[in-house]
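**Student:** I'd like to go over a predicted model; first the sequence, then the structure.
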Amino acid sequence: MAPPSTQQPSPFSPLARIGAVASTGLTLASAVLVAILAVLGPVLVKDTPVSWFLFGFEIVVIVAAVLGIQLARGKWSHGLAIGLLSVAGTIFLASAMGWQGANRQLLGRPLLPLLLLRTACAGVLALLACHAVLGRKPGAWRRALLGTAIGLPAVMVLGAMLVSRSRQALLGLLPSNQGLMIIVAVFGFVAFTALLAASVHILVAAFQNALDDEPTA
């Protein structure tokens, strides 16, 4: 009689694998196209320099997408969640750096739609990575969603402060009295820090709980 298998069931359903392959595949196709356009800029549009900065970061995206496809197809059975999360972070950061370094445009066309597409693909990969861990224990998703909801206002404020128009609108809400402005600013900073710290604590606890309860052979 053959010994019982000690292989753990895959945390990825076929549908999740399809989603991961589709997201990384779309990212890969767009990165190859943009990298080619970044180099062929002078040929396609007169007096357009080669965007080496954008080209370099698109190569990073290509490498990350290829690794993501291999992960999603199950080439490496261990570290699936952290691997996909790393790929998602690399895709987002490299895309954002390339977007900024290319002055947010390529051949006279804005690159914001591309950045939004990459952000969506990275978000899908991050969600699937979370699913691979949190799906091991009932209730883990509920705690993770609570932590996300608590931290969402802080993240939204941080994002608004990075955009000049939104930042001006937020600063315009501050009172004109200097003393009152300092009080409001200090209170806002304390609230921002408290929300972010609580969110991180709850999220870490949710993931740690799910990992601690992983069945062992």
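**Tutor:** Looks like it came in fine.

**Student:** CA only for contacts and neighbour counts going forward, please
**Tutor:** Noted.

**Student:** any weak-confidence spans in this structure?
**Tutor:** Where the chain drops to pLDDT under 70, the residues are 1-12, 77, 213-217.

**Student:** quick one, helices of it?
**Tutor:** Assigned by DSSP state H, the chain shows helices spanning 14-39, 41-44, 52-72, 80-101, 112-134, 140-162, 164-172, 178-212.

**Student:** Throw the ones you listed into JSON lines and include mean neighbour count, thanks.
**Tutor:** As requested, the helices of the chain are exported to JSON lines (neighbours: other CA atoms under 10 Å):
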{"stretch": "helix 14-39", "mean neighbour count": "19"}
{"stretch": "helix 41-44", "mean neighbour count": "14"}
{"stretch": "helix 52-72", "mean neighbour count": "21"}
{"stretch": "helix 80-101", "mean neighbour count": "21"}
{"stretch": "helix 112-134", "mean neighbour count": "20"}
{"stretch": "helix 140-162", "mean neighbour count": "16"}
{"stretch": "helix 164-172", "mean neighbour count": "12"}
{"stretch": "helix 178-212", "mean neighbour count": "15"}
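
**Student:** do you know how far the residue nearest to Gln105 when sequence neighbours are not counted is from Trp99?
**Tutor:** Leaving aside its chain neighbours, Gln105 sits nearest to Leu111 (4.9 Å; criterion: CA to CA, 6 or more residues apart in numbering). To Trp99, Leu111 is 6 Å away according to CA to CA, to the nearest Å.

**Student:** Need the overlap of contacts for these two.
**Tutor:** Listed as contacting both Leu111 and Trp99 by CA atoms under 8 Å, 6 or more residues apart in numbering are Gln105.

**Student:** before we move on, back to that, ok, the residue nearest to Gln105 to Gly41 distance?
**Tutor:** From Leu111 to Gly41 the distance is 14 Å (CA to CA).

**Student:** domains of the chain?
**Tutor:** Per automatic domain parsing, the domain ranges recorded for the chain read 13-134, 137-217.

**Student:** so who does Leu146 touch?
**Tutor:** Here Leu146 is in contact with 199, 202 (CA under 8 Å, 6+ apart).

**Student:** can you do 10 Å?
**Tutor:** Applying CA atoms under 10 Å, 6 or more residues apart in numbering, we find Leu146 in contact with 152, 199, 202-203, 206.

**Student:** now swap in Gly179 and tell me
**Tutor:** Counting by CA under 10 Å, 6+ apart, Gly179 has contacts Ala185.
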